[in-house]
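Undergrad: Below is the sequence, then the predicted model.
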Amino acid sequence: QVQLTESGGGCGQAGGSVNLSCIVSGPTEGRFDMGWWRQAPGKEREFVAAINWDAGRTYYADSVQGRAPISRDIAKNTVSLQVSNLRPGDTAVYYCLKDGKNGRDWGKGTLVTVSS
């Protein structure tokens, strides 16, 4: 059974940065992607960034392109997202996602609040 545990959320000021981490527990064999999604108050959950676990190929939403590198540490079963140049529009609950052949697994989320 896969379990995803996010950490690193909190309050930040516009222009600052936040580092989010997600520890992956459980099966990690096979091909899969890890990603971050977010859900702002009153809005639908949206894609932020993803990384292919084996090849390390990355994908980004236009809204964070160039300021939110995603990375993974295979030895530590961890995927990270560092969002810099924070904007109030980055305020959201950030969710970690494992997307593999057996479907999607979600973490419980970590809240990031950005003040102007």
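TA: Right, received. Where do you want to start?
Undergrad: Where does the prediction get shaky in the protein?
TA: Within the chain, no stretch has pLDDT under 70.
Undergrad: Just give me the residue right at the centre of this protein.
TA: By C-alpha atoms, centre = their mean, the mean C-alpha position of the chain lies nearest to Trp36, the distance being 2.7 Å.
Undergrad: Would you check how far apart that one and Asp99 are?
TA: Between Trp36 and Asp99 the distance is 11 Å, computed by C-beta to C-beta, to the nearest Å. Just so you know, the C-beta spots here come from the backbone N, C-alpha and C atoms, and that holds for glycine as well.
Undergrad: what touches both of these two?
TA: By C-beta atoms under 8 Å, 6 or more residues apart in numbering, Trp36 and Asp99 have these common neighbours: Ala50.
Undergrad: ok so, going back, mind checking the backbone torsions on the residue nearest to the centre of the chain?
TA: In this entry, Trp36 is assigned phi and psi values of phi -120, psi 130 (degrees, to the nearest 10).
Undergrad: Quick check, it in contact with Ala50.
TA: Yes - counting by C-beta atoms under 8 Å, a contact exists between Trp36 and Ala50, whose distance comes to 7.5 Å.
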